[in-house]
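S.K.: Below are the sequence and a predicted model for it; my questions follow.
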Amino acid sequence: MHVTRILRQLHWLPVRQRIEFKLAMLVFKTLHGSAPQYLVDDCQLVTASGRRQLRLSDVNKCVIQRTRTHLGDRSFAVAGPRLWNSLPVGLRHINLSIGQFRSALKTHLFE
């Protein structure tokens, strides 16, 4: 039996999706205040950043910091909010519990 089929039976995510899963979980925890303060400072919603109210602020988008290098694009302050903003609107609800978010995120990444 091929390894891919075994991983699918175990409901394990491929490596790239596993990294996205971990990063999205960390962003979720920062937005709900259960992560260290140094991470919370790097990840803010558009409404909390003091910027103008836009239609996009209704769908819980994060502010993405600007960088000048590709290395800077891989930092948590950029990669986390960029991944968060790419998630479907249903996953970005603030009212979801961590268990509900984890389950819905894994289902989304498994597709």
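M.R.: Yes, it's here. Numbers count the residues shown, from 1 in each chain.

S.K.: Could you measure from the most centrally placed residue in the chain over to residue 108?
M.R.: In the chain, the residue lying closest to the centroid (Cα atoms, centre = their mean) is residue 24, at 2.7 Å. Using Cβ to Cβ, to the nearest Å, we find residue 24 at a distance of 9 Å from residue 108. (Each C-beta comes from the backbone N, C-alpha and C, glycine too.)

S.K.: and the longest helix for this structure?
M.R.: Longest helix in the chain by number of residues (criterion: DSSP state H): helix 15-31.

S.K.: who touches both of residue 24 and residue 108?
M.R.: Contact criterion Cβ atoms under 8 Å, 6 or more residues apart in numbering; residues shared by residue 24 and residue 108: residue 87.

S.K.: measure residue 74 to residue 62 for me?
M.R.: In terms of Cβ to Cβ, residue 74 sits 16 Å off from residue 62.

S.K.: nope, residue 92 is what I meant
M.R.: From residue 92 over to residue 62 the distance is 9 Å, taken as Cβ to Cβ.

S.K.: residues in contact with stretch 32-43?
M.R.: Applying Cβ under 8 Å, 6+ apart, the external contacts of stretch 32-43 come out as 26-27, 29-31, 62, 65, 75-77, 80-81, 84, 94, 98.
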